[in-house]
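1. return a 3D structure for these sequence lines:
(chains A and B)
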Amino acid sequence: MTTLRPFTCDDMFRFNNVNLDPLTETYGLSFYMQYLAHWPEYFLLAEAPNEDIMGYIMGKSEGHGEKWHGHVTALTVAPEYRRLGLAATFMSALEEISEKKRAYFVDLFVRVSNKVAVDMYKQLGYSVYRRVLEYYSGDPDEDAFDMRKALSMDTEGKSVIALQHPVRPEDVE
Amino acid sequence: MTMCYRELKRPEMIAEAYEKAVKKEPGNEELLSHLFMAYVRCGNYTKQQQTAMALYKVAPKNPYYFWAVMSIVMQAHMSDSKLSCTMYLPLAERMIAKMVKENKLEGEAELKLYIMVLEKSGKRQQALDFVNGLLEASFLGTPGSRWNFYLTKKAELLLRMERYSESNAIYRQLLLDDPDQWQYYQDYFTSMFALVDINWTPDETTQSVSCDYTVELALVFIEQGIAREEAKSSKKLRGPYLACLELLQLLLKRNHSAASRLASPLEQIKQYFTIFGDKNCCFSDISNYLYMLESETDKFLADILTSLGLNGENTEDMLAKEPKIMQRHVCYLAVSRRLGKHCLSHQEKLRLAEELIHRHREGLTLGTDLLTTDLQYSDNYCLLAVHLLYDAWCESGDQLLLWTICALLESALKSSPSNFHIKLLLTKIYSYLGIYGPSVGIKLELRHIQFDTLGYMCFHPALKVGHYSAWKSVLTEALLFFSTNFKDTSEYIISAYKYGSFTKVYEFVQFRQRLNDSLQFALLNVEKNICDLILETSNHQSAEKVLTSMDIDPIIDECKWEDLRDNRDLDVMLTWDPPHSCLTHEQRHLSFTEQKQWLRLRNLTVRALTAAMLLPALPLSHESTTSQAVNGGGTNMCDALLSLHDQLKQHVEELETEHTCERRYSLQGPFCTLIYPFVTGRHGALLLQFLRVVQCCFFLQDDTGKLETSDLQMLTLEIDESMKLVIGRVSEGIIVEGNGQQQFSASTLTQAVLAVETLSHGCLLLGVCDKLLQPLRPVTGRKKSKKKEETVQQAVTSVISITTVKNSFFTRNFAFKSSSIPELSNVNLNLFFYYYEFLPCY
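-> Alright, predicted model coming up:
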């Protein structure tokens, strides 16, 4: 049981139970505020009945012409609220908003080692479009899968035809 | 140049520059835009409004028009309600209405702004009419979608306007589409009960969409919801089940007979547990309804335990073989703790803890395939055991229990390195023991806003034991975050205008203010000053330099006490305690007050030190005109010093009265401040005495004979006494006998830290005395000054004697430190061996 609502600045004071998770990064204020200012419709939060923050999603829309698409920047669920289908709920909300904006597809980047996430996205209808070498910096750098799902504007499914060769981060628009 | 001024934090200079540019080129759209943004940085809403309208005249684009409207709305926010309702909001409304009439509204943001203005003006009917007149497609949310602005706004307006039937109808429809939205259930019930209370019945003219205006109808609706879930083979939603529990709760509160129509609390909670017990969220979902079990608590727990099948005779059968069963068992244990079943005898607590530790260890075998970034399935067994051991410690005070907890948690952390609950608990327990070093290795890794919300987890433990190097590095990082907040946030307010996210403008302004007014920020600022005074000064000249560079105003208190905000996140740690043991609202308030009291103490201290430092040493010739000016300035600072001394005295007295024992909040709550050790260690008294010495030395420069020689002598004696007390507390040693064993005394360590601080301040003040007395020393000859010479001699002697005592303290302190370290290691070794025996597996 959740309440799905837009994320507000004050939620940043309460999201520690989500952000202390090792795979969730706490960014500088500019990161959150940029998304809140530019794409508030994509920045959603799920709240439990006891007012705990269960998780949130950050996204945006960008590109031109047939490359106009929705993008998932960050999606995270607190450890105690996992296995409730929340990620799927967030993704479907983001897809719906992207549909309304007449985007052609939705895409996201995920670490190639994050098998759990990759499988989850595949189940939600995403496929690997291309591999981006050394997308994530670290020790060592790690590759990313660019996964995509076509929306109804893309009648022929052109946006999800997988590329044959991997690309580098500079090649990503 | 803009960037330059921005970095210098002088936004008004940017505005000035653009004003000049615009004067030269009044029709330049780009310049006018930049001027508007410059005013946004300054928060000058009136000028924003004017510039936006000028922009609109030059280029009639919607965004500029709405920038003007938003500027007016901001003025409405910032003024009192009368002015905003009579002037600003009507103006904003008229401006938008004009656009509506001319059909010129473009984006969703503009529509939302109009609705917001109407709502704020209390014109709900108009807002409703407006929303009704729009297409549902105007907003990005749609029916059946997760967040439907169009319908929810309508329903919300109707609810506020007390048109309950229409509101209920919408919520009912929303719930049919999305049965998992908690907020909809709450409003559905509110509207339903409101209709029941007024005995509403539908008439012929009522709308076609049905609403539930009786309890019976609501019961049917809820039961149907559950039936739909039961029929599913796929994942069930928690919403309908929790809604049923909620309805039962509401009916019972009203003593409504229909409560008996629903399944009893026992049955419902059992059913919920059966379906969702293996989910982590089960406990938090049902915890607020557990009280409804009343006398059936034991039956409930017994039934659940039986269903788990974990009470076999064999020790092997006792353990959960599967993660899902383990999760259910953990939930069962959490619920029994919540119901107060862990209020056992001391021995029983320890026995149960031992069992849980065993389960934790065995449970790790189920999680060997988990990644290091996952939490282990059996971790919560360990946490439950720790809570039990902590309860046992609260009762017995046996420090060995705390060491046991640390060993347990460290070991659990090795198996589950990402479990931040373990990390938080460890940091807490180490702090209670008076240790900071291992906490560094735990790597909580706070970033950005977490310095405000979770900073208290690092700051207090480090400060309490004088771990200055760690303290300083985290302090610098945290302060950087706070100080760049204002500058950076302003840029995003500009972005909000640019992208037309008007609702975010006010939100960002509020957010920026909340961070700026943070109590944590104020505390860090003053603690940094004190830290620098201790660490960065090696002689009086450097002390003077450091203090004057801090730019502290001794006369005016720059702290905005009324506006301070407590942004600490005190809910992050897990707790399964019964409601009466959890952190209450009163305790949060008490902690906030305590923090403010500590802040005031530090604030007064630093300002007093500054006032003392700024006391001028008068030149030899008192008759010259320049000395008049100096005298005037000197009197000013002297008055400030006197006033600060009195304020400090009063504050210390208040603290002594209020803090008569060491405060302790619940394990999941905040830390207490150092107020209690401060008052019991007589540090306040010593500091005040040092301040009085400075005053005396200042008056010595005066020929008015304000000073009696005996004053200074008496002070010297008093200081001697106080120092003996302070040193006495420190000399108690950090190893004490307790419970038949040697224990580490964290409080002595804290006293040592406070002593170092107080005496460091003392050094500083004595340096001031030295400076003040310097010009008087060579005075000889005149009869008048003979008495003065005596006084000066005595003053100098007193100062020297104080310095000697102080020096002896430092020598002793050093000895104490160096002797106690090997002593401490011995004790530590003993303790480690002790608990290694106690827990052979570790």
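2. average pLDDT across stretch B:417-432?
-> Average pLDDT, stretch B:417-432: 92.
3. need the residues that contact it.
-> Applying CB atoms under 8 Å, 6 or more residues apart in numbering or on different chains, the contact partners of stretch B:417-432 are A:20-22, B:372-376, B:379, B:382-383, B:386, B:390, B:402, B:405-406, B:409-410, B:412-413, B:416, B:436, B:438-439, B:442-444, B:457-458, B:460-461, B:464, B:572-574, B:667, B:671, B:746. Glycine gets a C-beta too; all of them are placed from N, C-alpha and C.
4. ChimeraX command for the buried members of these?
-> The following ChimeraX line selects those of the contacts of stretch B:417-432 that are buried, judged by 16 or more other CB atoms under 10 Å in any protein chain shown:
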select /A:20,21 /B:374,375,376,379,382,383,386,390,402,405,406,409,410,412,413,416,436,439,442,444,457,458,460,461,464,572,573,574,667,671,746
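5. of the contacts of stretch B:417-432, which belong to helices?
-> For these, membership in helices holds for B:379, B:382-383, B:386, B:390, B:402, B:405-406, B:409-410, B:412-413, B:438-439, B:442, B:457-458, B:460-461, B:464, B:746, with DSSP state H as the criterion.
6. can you give me the strands in chain A?
-> A:3-6, A:44-47, A:53-62, A:69-77, A:105-111, A:127-136, A:142-150 (DSSP state E).
7. out of those strands, nearest to chain B?
-> Chain B lies closest to strand A:3-6 among the strands of chain A, at 4.3 Å (CB to the nearest CB).
8. give me the phi and psi for the residue of the stretch 651-800 of chain B found nearest chain A.
-> Using CB to the nearest CB, the closest approach of the stretch 651-800 of chain B to chain A is made by B:Q668 at 12.3 Å. With angles defined as degrees, to the nearest 10, B:Q668 sits at phi -90, psi 0.
9. that one against B:C582, yeah?
-> Yes - contact criterion CB atoms under 8 Å: B:Q668 and B:C582 qualify, at 7.3 Å.
10. now for the two: what residues contact both?
-> Going by CB under 8 Å, 6+ apart, residues that sit against B:Q668 and also against B:C582 are B:T575.
11. between those two, who's got more neighbours?
-> Ranked by neighbour count (other CB atoms under 10 Å in any protein chain shown), B:Q668 and B:C582 place B:Q668 first, with 20 against 15.
12. show me what whatever helix or strand B:F273 lives in packs onto, helices and strands only.
-> Assigned by DSSP states H and E, B:F273 belongs to helix B:265-276. Judged by 3 or more CB pairs under 8 Å, 6 or more residues apart in numbering or on different chains; DSSP states H and E, the packing partners of helix B:265-276 are helix B:239-253, helix B:282-286, helix B:297-308.
13. flag every buried residue along the first one.
-> What it means is helix B:239-253. For helix B:239-253, by 16+ other CB under 10 Å, it's B:239-251.
14. near chain A, from these?
-> Near chain A, judged by CB under 8 Å from any CB of the partner chain, the entries from the buried residues of helix B:239-253 are B:G239, B:L242, B:A243.
15. can I get these in a markdown table with distance to B:P554 and pLDDT?
-> A markdown table is the format used below for these (distance: CB to CB, whole Å; pLDDT from 0 to 100):
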| residue | distance to B:P554 | pLDDT |
| --- | --- | --- |
| B:G239 | 60 | 91 |
| B:L242 | 58 | 93 |
| B:A243 | 61 | 94 |
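16. from the rest of the structure, what touches whichever strand or helix holds B:K545?
-> Taking DSSP H and E as the definition, B:K545 sits inside helix B:540-549. Helix B:540-549 has contacts (CB under 8 Å, 6+ apart) with B:532-533, B:536-537, B:609-610, B:613-614, B:764, B:767-768, B:770-771.
17. right, and the pair among these with maximum separation?
-> Greatest spacing in those, by CB to CB: B:D532 and B:D770 (21.1 Å).
18. for chain B, just list every one of the strands.
-> B:735-738, B:741-744.
19. for chain A, give me the ranges with low pLDDT.
-> Residues of chain A meeting the criterion pLDDT under 70: none.
20. so who does the most centrally placed residue in chain B touch?
-> Residue closest to the mean C-alpha point of chain B, counted by CA atoms, centre = their mean, is B:R568 at 1.1 Å. Neighbouring residues of B:R568 by CB under 8 Å, 6+ apart: B:D452, B:T453, B:L454, B:G455, B:Y456, B:L519, B:Q520, B:P670.
21. now swap in B:V215 and tell me
-> Listed by CB under 8 Å, 6+ apart, the contact partners of B:V215 are B:M192, B:V196, B:L251, B:H256, B:A258.
22. am I right that the first one is in contact with B:D212?
-> Yes - using CB under 8 Å, B:M192 is in contact with B:D212, at 5.3 Å.
23. between these two, what contacts are shared?
-> Common neighbours of B:M192 and B:D212 (criterion: CB under 8 Å, 6+ apart): B:N168, B:A218.
24. which one of the two has more residues nearby?
-> Taking other CB under 10 Å, B:M192 and B:D212 do not tie; B:M192 has more neighbours (27 against 23).
25. against B:W393, how distant is that one?
-> Distance of B:M192 to B:W393, given as CB to CB, to the nearest Å: 49 Å.
26. what residues sit buried inside the helix holding B:K545?
-> Buried-residue list, helix B:540-549, by 16+ other CB under 10 Å: B:H540, B:A543, B:E544, B:V546, B:L547.
27. please export the C-alpha coordinates of it as PDB.
-> Taking C-alpha atoms only, helix B:540-549 is exported to PDB below (Å, rounded to 0.1, in the frame of the first residue of the first chain):
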ATOM      1  CA  HIS B 540      48.800  34.900  22.000                       C
ATOM      2  CA  GLN B 541      49.600  36.500  18.600                       C
ATOM      3  CA  SER B 542      48.200  33.600  16.700                       C
ATOM      4  CA  ALA B 543      45.200  33.500  19.000                       C
ATOM      5  CA  GLU B 544      44.500  37.100  18.300                       C
ATOM      6  CA  LYS B 545      44.800  36.600  14.600                       C
ATOM      7  CA  VAL B 546      42.600  33.600  14.500                       C
ATOM      8  CA  LEU B 547      39.900  35.200  16.700                       C
ATOM      9  CA  THR B 548      39.800  38.500  14.800                       C
ATOM     10  CA  SER B 549      39.600  36.600  11.500                       C
END
